[in-house]
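Asker: got a sequence here, can you model it:
(chains A and B)
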Amino acid sequence: MQEQLAQLKAEVLEKIAAAQDLKQLNDVRVAYLGKKGPITDLLKGMGKLPQEERPKMGALVNETRAHVQDVLDARKVELEAAALDAQLASETIDVTLPGRTVKVGNHHPLTRIIEEIEDLFIGMGYSVEEGPEVEKDYYNFEALNLPKGHPARDMQDTFYISEEILMRTHTSPVQARTMEKAQGKPIRIICPGKVFRRDNDDATHSHQFNQIEGLVVGEDIAMSDLKGTLDLFAKKMFGEDREIRLRPSYFPFTEPSVEMDISCFKCGGEGCNVCKGTGWIEILGAGMVHPNVLEMAGYDPKKVTGFAFGMGPERIAMLKYGVDDIRHFYTNDVRFLEQFHRAED
Amino acid sequence: MLVSLKWLSQYVDISGLEPEELAEKITRSGIEVEAVNHLSKGLKKLQIGQIKEATPHPDSDHLNICQVDFGEEELAQIVCGAPNVAVGQKIVAVRPNGYVGGKKIKKGKLRGTVSMGMICSLQELGIDGKVVPKAYADGIYVVSDDVPVGADAIEVLGLDDVVLELGLTPNRADAMSMLGVAYEVAAILDQEIKLPDTTHATTAEKAADVMSVSVEDTTLNPMYAAKVVKNVKVAESPLWLQQYLMVSGIRPLNNIVDITNYILLEYGQPLHAFDYDQLATGEIVVRLAKEGEAITTLDEKERTLKATNLVITNGKKPVAVAGVMGGFDSEVTDATTTVVIESAYFDGLSVRYTSKDLGLRSEASARFEKGIDPNRVLPAAERAAQLMAELAGGDVLEGTVTVDELDKEPARVVVSPDFINNRLGMKISLNEMVSILKRLRFDVEPANGLLIIDAPTRRQDIKIEEDIVEEIARLYGYDEIPTTLPVAETVPGRLNRNQQVRRTIRHQLEEAGLYQALTYSLTSDALAQKYALETAPTTRLLMPMSEERSTLRQSVLPHLIESLVYNTSRQADAVALYEIGSVFLGQTAEGLPLEREHVALAMTGKWVENAWQGEHKQVDFFVLKGALEALFAKLNVAERITYVAAKVDGMHPGRTADILLDGERIGFLGQLHPQEQKNLGVKDTFAAEFNLAQVLAAEIAPLQYVAVPRFPSISRDIALVVERATTAASLEAIITAAGGKLLKAVHVFDVYEGEHMEAGKKSIAFSLTYFDPERTLTDEDVTAAHDNVVAALQEQGATLR
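Answerer: Numbers count the residues shown, from 1 in each chain, chains lettered A, B, ... in the order given. Model prediction:
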């Protein structure tokens, strides 16, 4: 019986070693260590042995069985590792293939500029006011110190709908309406919107474009407040090291009136093609609200002052992104629009 | 306004300043210098020569071989193609290796003949063709006989000058004259100003002896001054005068007309010269025109006048349109011997309207419109008389015939230094303010802490205290203003609901893969109402620039689809655009059209595309609908939105749905009609438009947490065979009604129509989710509910599959 056990042991160890996968190994386990396997049979056959031999033989069988189990377990670990390796090998992908496309659109570049400016002024306590694209002559001109026949009306060639109704030429009528509604209370607003001028569309002109105007009305508002506000705006919008300069100008609705230049953000003021060699870029017009405008809106210009400014998002976008043709903003070529996808600081 | 620095330096000392430096100073203190033009730029080695011989070129029908004397030992041979070349002329030539227009001229051969340089026209010397005297417009320029040969032509022609191009704002009409600019420059540089001397001899005969002036409406024409100059010899002006006119943008004609233009430029006072004999009556009557009255103006065009147009007449018929243009019949010609000089003040608005009526703008009207200096009417007339005596040999009759009711008083402004400083946020001393105002030649008197200021009448723009604030600020320097921020109650700035929702929509639609587009509000009549959700009377421009941009749109889609087509016709294989924009409907009580904000979407082409994985999907109705559903979910109205099959003009009749909010139509979505697609040259294209105002008007419940389920839900599927026309929505309604309170969700998970189905039928499968927030459902609970659903469906004609 001892011999039979030794032979069995040799036989099973050989089969374990020969097993090439987990299934074969399991077959070996079932065949030799299972309830119907030869080792179990041996244990069952121990009853035929003499009483005194049984413990010794029993111990021997168990020892063999334990040894076989250990070898089998070790082989199982080996085969499992090999199987995993094989699985990983077969699952290997080409990680350089492109990922699944996520279709995402983006803001129009002008909206991008407008929202940036809106947010900047909202942070300074301004609210955003809007008004109709079709306006009354009164709000577009008369309430802004531009009576009928005023030579400065030529500065803004107008699409009229009737003698009294027109396509607004600037967003200033929103200011006039807001002041009228405020009934003498202080105001801090910015007004973005579409405006219209009688221009033939070409690389630098568009009969429809956008404007953003700002208005602050209250007691003791001074020109220095305007300058400080614009300085802050320029630095936030165009970079902390921007400088501004004011140049005298003329708008019928402000007095004094100025234009604001910023130091060129491309060359820093050295002179380049963006600033046409001057080091400065004209960004916006501004001024102290004309007393006639305040008065027409129901304010007492002796007690209340204000400042206003206005700029063109198209111009800012063209300068900032180097866009060379204003018509790009209205043809909606996807190859143009998609360039404004990336985030900016 | 073009300002010759040579000319300017007659009135104010600008020596020692580079033109660019001067330009910068002028710009920074109030008048923008748009360009600094060095006239001699690109010119070199230009000499005056005299043509001694000119023989036709043997191999050409227009070239002449000229022998030109430059005062050198030998004559120089120059081949010239100008038609007006002639022996004896003194001309301007560029010598070999010299430059014109920045181009080097070398010794060369023309048709085999050696040419040592080039004889020049004024255009070649950089003078604008529009202002070149007519005699030289098509050929070389000929200088007068007294110019020595060999002289430097750049000097002779006054091209050693620099011209500043001023961009004038409408308030600075004072700078539409050389004297005005001189005053400005004198103030900036703190320099003296030198006015022209207008003294001249006069005859014993008086102007009043030979003519009379009367004005019917002294509101429109408060001042009219006439002088008479006899025995003038009309001829070409001296070169310096022609040159000043040309660099200022005015074409020289003859000495008399040139003098009036010279003074228009010098004083900013428009003048007119009549031929006294052609005037015929010796009488000037200024009156309003008779309706329909005609006049032929200097440009030889007949004009019909309105009763509101002011005219100058000879007592019988109009001889000039006041302040706009003279008449052809009384113009100064070579035959003129006696001239009437008109120097007048016409009401700006009247001139503006007349000039608009006639579609005729002139140097004169531009000045009258903006307001001229009432105190220059007479000096300008004197100056003209003086120059006509000097340059045209005329005899000036004594005196001036005038009608004069013009207010020539300066505007008085009283302002306190505190007012000025408060407006600027500065602390400028009283003395500094006085000094600045004096530099501007304002009369200023400090009294009781106030500044009492009389602004010179040339500065018609100075009327109120704020105007003084600006004068002080611009000369003190805006750079000196400190930067502060408004001090006021802090109020939080924020977007209103409409503005926030608009931003939400943008982000949502962009996340869904659409790009934001911007299109025009103005469109053609034909497109104005296409796809409109609701039509109302359209709004049309009075004078559109083109039919394409003549009418305000009542829908956003036509332009958005135009943009889509723009892309597909440029090889874009997928286009998805949206726009949020206004449409314009009818008229409100205020007289303005109702402006309503719409949202429009347009999509076509590839949607899902993963080339190497073999996945392709084109945009279809449900891609578009999915984008809208996600948007409405974001706006929290999804559950109140329904879609109902609909017919919309221009849309596919079987693939279009109305979008309803709480049962009310707010828009539509669908595929463009195949015929429409064919016309546009696009493949299957899907579009939607809805009224944002209606969505914004919907009451939205505040966001409220609902308990996360603690018990499991149970799903059951039902596959049904129904008529093909049966809608998913109608089946869903039956299911929802029959499912009871345990039924929490229903969704379609399969639809099949095809060969395995009986004709006219389709299979549709739903997944139903049952759930009780209070307990774990048992199989019996669900079966009971589900049996109800099945029974209800069968009752409505559906069969279980």
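
Asker: what lines up beside the helix or strand containing B:V213 in the sheet?
Answerer: In the assignment (DSSP states H and E), B:V213 maps to strand B:212-215. Note on strand B:212-215: by DSSP bridges, its sheet partners are strand B:283-288 (parallel).

Asker: buried residues in the helix or strand following the partner strand?
Answerer: Sequence-wise, the next helix or strand downstream of strand B:283-288 (DSSP H and E) is strand B:294-296. Neighbour-count burial for strand B:294-296, counted by 16 or more other C-beta atoms under 10 Å in any protein chain shown, picks out B:I295. To be clear about C-beta, it is placed using only N, CA and C from the backbone, and glycine gets the same treatment.

Asker: can you list the residues that contact strand B:294-296?
Answerer: B:302-305, B:311, B:317-321, B:327-329 (C-beta atoms under 8 Å, 6 or more residues apart in numbering or on different chains).

Asker: what does the average pLDDT come to for that strand?
Answerer: Averaged over strand B:294-296, pLDDT sits at 95.

Asker: report the distance from that strand to the chain centre.
Answerer: 32 Å (C-alpha atoms, centre = their mean, to the nearest Å).

Asker: for the residue most central in space within chain B, helix, strand, or coil?
Answerer: What sits nearest the mean C-alpha location of chain B, by C-alpha atoms, centre = their mean, is B:M545, with 13.3 Å. Using DSSP: H, G, I helix; E, B strand; the rest coil, the secondary structure recorded for B:M545 is coil.

Asker: quick check: closest non-adjacent residue to it.
Answerer: Of all residues beyond its chain neighbours, the one nearest B:M545 is A:R198 (6.3 Å), with distances taken as C-beta to C-beta, 6 or more residues apart in numbering or on different chains.

Asker: would you say the one you found is within a strand?
Answerer: No. According to three-state DSSP, A:R198 belongs to no strand; its state is coil.

Asker: contacting residues around the strand holding B:V213?
Answerer: Contacts for strand B:212-215 (C-beta under 8 Å, 6+ apart): B:N221, B:Y224, B:A226, B:G282, B:E283, B:I284, B:V285, B:V286, B:R287, B:V401, B:T402, B:V403.

Asker: need the next SSE after it, C-terminal direction.
Answerer: strand B:223-230.

Asker: which stretch of helix or strand covers A:N273?
Answerer: Using DSSP H and E, no helix or strand contains A:N273.

Asker: in the stretch 201-345 of chain A, what residue comes closest to chain B?
Answerer: Using C-beta to the nearest C-beta, A:S224 is the residue of the stretch 201-345 of chain A that sits closest to chain B, at 2.7 Å.

Asker: excluding its backbone neighbours, what's nearest that residue?
Answerer: With sequence-adjacent residues excluded and distances taken as C-beta to C-beta, 6+ apart, A:S224 is closest to B:G425, at 2.7 Å.

Asker: residues contacting that neighbour?
Answerer: For B:G425, counting by C-beta under 8 Å, 6+ apart, the contacting residues are A:A222, A:M223, A:S224, A:D225, A:K227, B:I481, B:P482, B:T484.

Asker: now do the same contact list for the last one.
Answerer: Yep, that's B:T484 we're talking about. B:T484 neighbours (C-beta under 8 Å, 6+ apart): A:A222, A:S224, A:D225, A:K227, A:G228, B:G425.

Asker: as TSV, those residues with pLDDT would be great.
Answerer: Below are those laid out as TSV (pLDDT from 0 to 100):
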residue	pLDDT
A:A222	96
A:S224	96
A:D225	96
A:K227	96
A:G228	96
B:G425	95
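
Asker: closest one of the residues you listed to A:E133?
Answerer: The closest of the contacts of B:T484 to A:E133 turns out to be A:D225 (C-beta to C-beta; 30.4 Å).

Asker: just the contacts of B:T484: which are in helices?
Answerer: If you go by DSSP state H, the contacts of B:T484 have A:S224, A:D225, A:K227, A:G228 in helices.

Asker: strands of the stretch 1-150 of chain B, start to end?
Answerer: In the stretch 1-150 of chain B, the strands defined using DSSP state E, counting those that start in this stretch lie at B:2-4, B:32-38, B:44-56, B:64-69, B:76-80, B:90-100, B:103-105, B:108-110, B:113-115, B:118-119, B:142-143.

Asker: look up how far chain A lies from B:S362.
Answerer: Applying C-beta to the nearest C-beta, to the nearest Å, the value for B:S362 to chain A is 15 Å.

Asker: B:K130 versus that residue, what's the distance?
Answerer: 14 Å (C-beta to C-beta, to the nearest Å).

Asker: also B:S343?
Answerer: Applying C-beta to C-beta to B:S343 and B:K130 gives a distance of 27 Å.

Asker: and what of A:I122?
Answerer: From A:I122 to B:K130 the distance is 52 Å (C-beta to C-beta).

Asker: neighbour-wise, which of the two wins?
Answerer: Between A:I122 and B:K130, counted using other C-beta atoms under 10 Å in any protein chain shown, A:I122 has the larger neighbour count: 18 against 11.

Asker: looking at it, that one is touching A:E116, isn't it?
Answerer: No. Counting by C-beta atoms under 8 Å, A:I122 does not reach A:E116; the two are 10.8 Å apart.

Asker: where along chain A do the strands fall?
Answerer: For chain A, the strands defined by DSSP state E occupy A:127-128, A:134-136, A:165-167, A:187-196, A:208-218, A:244-251, A:254-263, A:280-289, A:305-311.

Asker: now the angle from the longest one to strand A:305-311?
Answerer: What it means is strand A:208-218. If you take axes from the mean of the first three to the mean of the last three C-alpha atoms, to 10 degrees, strand A:208-218 sits at 160 degrees to strand A:305-311.

Asker: now do the helix or strand harbouring B:L624: everything it contacts.
Answerer: Using DSSP H and E, B:L624 maps to helix B:621-634. Helix B:621-634 is contacted from outside by B:504-505, B:508-509, B:511-514, B:601, B:603, B:607, B:617, B:638, B:641, B:643, B:655, B:657, B:659, B:669-671, B:686-688, B:690, B:695, using C-beta under 8 Å, 6+ apart.

Asker: out of these, which are close to chain A?
Answerer: Counting by C-beta under 8 Å from any C-beta of the partner chain, B:L509, B:E511, B:A512, B:G513, B:L514, B:W607 from these sit close to chain A.

Asker: which of those residues fall within helices?
Answerer: B:L509, B:E511.

Asker: got a quick ChimeraX command for the buried subset of the ones next to chain A among the contacts of helix B:621-634?
Answerer: Filtering these down to the buried ones (16+ other C-beta under 10 Å) takes a single ChimeraX command:
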select /B:509,511,512,513,514,607
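
Asker: per-residue pLDDT, B:I78?
Answerer: 94.

Asker: so who does A:T254 touch?
Answerer: By C-beta under 8 Å, 6+ apart, A:T254 lies in contact with A:A286, A:G287, A:M288, A:V289, A:H290, A:V293, A:F307, A:A308.

Asker: dump the residues you listed to TSV, plus pLDDT, distance to chain B and neighbour count.
Answerer: Below are the contacts of A:T254 laid out as TSV (pLDDT from 0 to 100; distance: C-beta to the nearest C-beta, whole Å; neighbours: other C-beta atoms under 10 Å in any protein chain shown):
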residue	pLDDT	distance to chain B	neighbour count
A:A286	97	11	26
A:G287	97	9	27
A:M288	97	6	26
A:V289	97	10	28
A:H290	97	7	23
A:V293	96	11	26
A:F307	97	8	25
A:A308	98	13	26
